[in-house]
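S.K.: Predicted coordinates and the sequence they were generated for:
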Amino acid sequence: MQHQAQARSGAPRERPPDRRRRDHCRGRALYAPFVHDVAQRAAAAGRTRPRIAVISLHPEAEEKAAALAELLAEAADGVAIDARLITGRPGEPIRPDAIDDVDGIAVGGGIVEEVRAGLEPVFAELRRQVAAGVPYLGVSAGAMVAAEGSLGGGSRIGGVVVSPEEDGEPGGELEIEAGIGLIDVAVDVHVAQRGMLSRLVAAVESGLITGGLGIDERTALIVGEGALRVEGAGSVWRVLPAEGGVLVSTIGA
């Protein structure tokens with residue numbers, strides 16, 4: 001069994017050709033462990049084409065689902081995959097039958113509260129499938145909602161700013177809502193790039209959460225049998241309560 005959480009950057013920026021090639025290869029490497037496990041599960045079921053439910057609840061859901069499916073296909077390294085593109089909108093949650101009989105489930109990013117709300121009707125089914133060995137991939141908000149307690153988008157705790165805010169745009173309170181429950185500590189993303197480590201630290205210190213994992217962009221956290229594993233260009237930040245404060249450490253690739 002594997003579940004994989006990732007943080008990826010949003011809109012791509014123009015890069016020199018050699019930099020684009022390196023980024024492309026790194027992207028394939030990030031998804032390769034998930035696709036490998038999916039292919040193994042499909043083979044055990046007698047299928048030559050692995051079936052992956054690719055779910056997007058992003059405001060541009062169709063485009064984002066197709067882009068994620070393309071990245072998974074590239075990571076398959078020549079193995080044909082059957083990607084089921086599943087899209088949702090606010091007020092239109094994902095139906096349980098949309099993820100029936102698949103070998104892997106990939107959930108993309110978006111506004112975390114909307115991703116959580118769209119997946120909530122299938123939380124129990126997602127837990128059941130992952131417990132049965134179906135690999136789960138969460139990208140950005142898809143990683144955040146995999147936790148038992150899903151962090152929202154707020155930037156304040158008790159009215160105190162704990163993460164960067166837009167100029168002239170006061171942020172809301174950080175709220176914790178029930179997530180899928182695949183990981184027993186909270187997950188945050190884009191940590192080094194968007195200055196989100198302070199939010200994790202404050203959330204643990206205040207007692208809002210009992211511990212947290214923060215994932216840098218272009219970085220994957222792989223949770224399976226044995227120790228946590230990290231792939232990619234960045235780090236995963238582990239924040240735990242300690243006597244008199246919190247303990248912060250990193251898990252590198």
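M.R.: Looks like it came in fine. Numbering: from 1, shown residues only.

S.K.: Please make it C-alpha for all contacts and neighbour counts, starting now.
M.R.: Will do.

S.K.: Compute the distance between residue 204 and residue 222, please.
M.R.: 22 Å (C-alpha to C-alpha, to the nearest Å).

S.K.: List the buried residues in stretch 204-221.
M.R.: Residues 204-205, 208-221 are the ones in stretch 204-221 that count as buried (16 or more other C-alpha atoms under 10 Å).

S.K.: after whichever strand or helix holds residue 42 comes which helix or strand?
M.R.: Counting by DSSP states H and E, the element that carries residue 42 is helix 17-44. Remark: after helix 17-44, the chain's next helix or strand is strand 51-56, criterion DSSP H and E.

S.K.: quick one: contacts of that following strand?
M.R.: 38, 42, 62, 64-65, 68-69, 81-88, 98-99, 102-110, 115 (C-alpha atoms under 8 Å, 6 or more residues apart in numbering).

S.K.: Spit out the contact partners of the residue nearest to residue 117 when sequence neighbours are not counted.
M.R.: Closest residue in space to residue 117, ignoring its immediate chain neighbours: residue 93 at 7.0 Å, by C-alpha to C-alpha, 6 or more residues apart in numbering. Applying C-alpha under 8 Å, 6+ apart to residue 93 gives the contacts 117-121.

S.K.: out of these, who has the most neighbours?
M.R.: In terms of neighbour count, residue 119 stands highest of these at 25 neighbours, by other C-alpha atoms under 10 Å.

S.K.: What values do phi and psi take at that residue?
M.R.: Main-chain torsions, residue 119, degrees, to the nearest 10: phi -90, psi -20.
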